[in-house]
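Novice: my questions are about this predicted structure, shown below with the sequence.
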Amino acid sequence: MQSEKSWFGLPVSLLWGFVAIAIFMSGDGFEMAFLSKHITDMGFSPAQSALVFTLYGAAAALAAWSSGVVAEIITPQRAMRIGFVLWVVMHVLFMTLGLGMRNYGLMLLFYGIRGLAYPLFIYSFVLMIVQNVPKDQVSSAMGWFWAMYSIGIGCIGSYLPSFTIPWMGETGTLWFAVAWVVAGGLLAMFALRNVGVESAKAHLSPKDKMRELSRAGTLLVTNRNIFLACLIRIINTLSLFGFAVVMPMLFVGQLGFTMSEWLQIWAVFFFVTIFTNVMWGVLGETIGWIRQVRWFGCLGMALSSLAFYYIPVTFGHNYWMAMIPAVMLGIFVAAFVPMTAVFPALEPKHKGAAISIYNLSAGLSNFLAPAIASMVLPFFGVLGVVWTYTALYLFAGVLTLIIRVEQPGHPSKASAAKNWRSTVAAQNKSS
């Protein structure tokens, strides 16, 4: 594979694909801040509203897990097209027959199915990156991917509804999301239609395609390094998902911050990741994927997690001091960006299955973070949750000492020793 022309690590040939991800995820993220309350305002119970999102999350996790292999056996372009069309159709049905008719069963059905759509769209593009970008540039390209993701769902998707809801209402804002998703989907369909080479796995027989799909699970057993990488990726975002649940109890419930102040502090975290995802993606190629994850990801997140508790507790209701741990978290959580490059490097003959396991790890992190918090909180409070996450980050750091992955330009000690022995043998033979 020839060197990909890039701009600060951004592959030029895939430029419009990255833009499409930001636009698509903006529309997908419109509902995050208010849909749950909108459903309860319609007369449904909080438990019913929670079940809607539970089914959505389960569907999204399933789609994320399988998307890498699906994209490899039908091509990323087709998988993205399916995800795009599925999102639009299910959202329209959810709005008209679900919310529009206040039919709870149809709300569960259509919103749940829509959960399959966005992972199929965005994670198929991840495989396209892996297939078309040289291994020594994947980390920086993935930094840009997560930056676009943060711009979409974390910035535009979170802030724009605060302006549109007073103007067109919650229902109008939910319809407005369709325009953004359609724009992102169409841009991807036209801009990426001729990108890359079709995978050989696209021509497998149905039986062989099913066998390839099963590798999304079996690789965890057959490849020890994939299993270790999976554990590290799960731990990666524990604080991100867990702190969103437990920290309002500390900041608002105990320290006197208003909910608006807390939301602004948390928004700063997302804003910082836009830049640090790109930064760490590029630096990972120089520092080394695993070395960066160990010292800046694992250790950095351990210190950031502790800071998120001890700094506000020490300084009390001090808005600007509370911003410090949010910035720290935004800096160090992105240091795990090279993990996306690690998975396919560990299983180069089955990149789709490797990406699927990466996606599974991300989904499990989203699930396990609040689960750990719910188990620890009743016994040890918020401080116990913080120390549990910190211990897990340190554990992940230990795992980085065990995992073995060949990174272009950063040979392992075993490979270096083997090359040295080969060189010595060649010199002895010539002499």
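Specialist: Alright, I've got the coordinates.
Novice: could I get the full set of helices for the stretch 301-431 of the chain?
Specialist: 319-332, 339-346, 351-402, 413-430 (DSSP state H, counting those that start in this stretch).
Novice: what's the closest of those helices to Gly115?
Specialist: Proximity to Gly115, assessed across the helices of the stretch 301-431 of the chain by CB to CB, is greatest for helix 351-402 (11.1 Å). Using the backbone N, CA and C atoms, a C-beta is placed for each residue, glycine as well.
Novice: which strands or helices does that closest one pack on?
Specialist: With contacts taken as 3 or more CB pairs under 8 Å, 6 or more residues apart in numbering; DSSP states H and E, helix 351-402 sits against helix 46-74, helix 117-132, helix 206-222, helix 224-236, helix 238-251, helix 299-315, helix 339-346.
Novice: of all those helices, which lies closest to Pro11?
Specialist: helix 117-132 (7.2 Å).
Novice: ok and the closest one relative to helix 351-402, angle-wise?
Specialist: Angle between the axes of helix 117-132 and helix 351-402 is 80 degrees (criterion: axes from the mean of the first three to the mean of the last three CA atoms, to 10 degrees).
Novice: helix 117-132 - contacts with which helices or strands?
Specialist: helix 15-29, helix 46-74, helix 76-93, helix 138-149, helix 157-191, helix 339-346, helix 351-402.
Novice: in JSON lines, list those helices along with mean pLDDT and mean neighbour count.
Specialist: Written out in JSON lines, the entries for the helices and strands packed on helix 117-132 read as follows (pLDDT from 0 to 100; neighbours: other CB atoms under 10 Å):
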{"stretch": "helix 15-29", "mean pLDDT": "95", "mean neighbour count": "23"}
{"stretch": "helix 46-74", "mean pLDDT": "85", "mean neighbour count": "20"}
{"stretch": "helix 76-93", "mean pLDDT": "97", "mean neighbour count": "21"}
{"stretch": "helix 138-149", "mean pLDDT": "92", "mean neighbour count": "26"}
{"stretch": "helix 157-191", "mean pLDDT": "92", "mean neighbour count": "17"}
{"stretch": "helix 339-346", "mean pLDDT": "92", "mean neighbour count": "26"}
{"stretch": "helix 351-402", "mean pLDDT": "91", "mean neighbour count": "19"}
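Novice: nearest to Met42, out of the helices of the stretch 301-431 of the chain?
Specialist: Comparing the helices of the stretch 301-431 of the chain under CB to CB, the one sitting nearest is helix 351-402, at 25.3 Å.
Novice: low-confidence stretches in the stretch 201-350 of the chain?
Specialist: When the per-residue scores of the stretch 201-350 of the chain are filtered using pLDDT under 70, the ranges that remain are 201-210, 212-213.
Novice: return the per-residue confidence for Ser36.
Specialist: pLDDT recorded at Ser36 is 80.
Novice: on that earlier part again, make JSON lines from the helices and strands packed on helix 117-132 and add distance to Trp280 to it.
Specialist: Putting these into JSON lines (distance: least, CB to CB, whole Å) gives the following:
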{"stretch": "helix 15-29", "distance to Trp280": "17"}
{"stretch": "helix 46-74", "distance to Trp280": "22"}
{"stretch": "helix 76-93", "distance to Trp280": "24"}
{"stretch": "helix 138-149", "distance to Trp280": "6"}
{"stretch": "helix 157-191", "distance to Trp280": "22"}
{"stretch": "helix 339-346", "distance to Trp280": "11"}
{"stretch": "helix 351-402", "distance to Trp280": "15"}
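Novice: so which of these is nearest Leu219?
Specialist: Of the helices and strands packed on helix 117-132, the one closest to Leu219 (CB to CB) turns out to be helix 351-402, at 5.5 Å.
Novice: so that closest one versus helix 339-346, what angle?
Specialist: Helix 351-402 and helix 339-346 meet at an angle of 100 degrees, taking the same axes, to 10 degrees as the criterion.
Novice: so helix 351-402 versus helix 299-315, what angle?
Specialist: Inter-element angle recorded for helix 351-402 and helix 299-315: 70 degrees (by the same axes, to 10 degrees).
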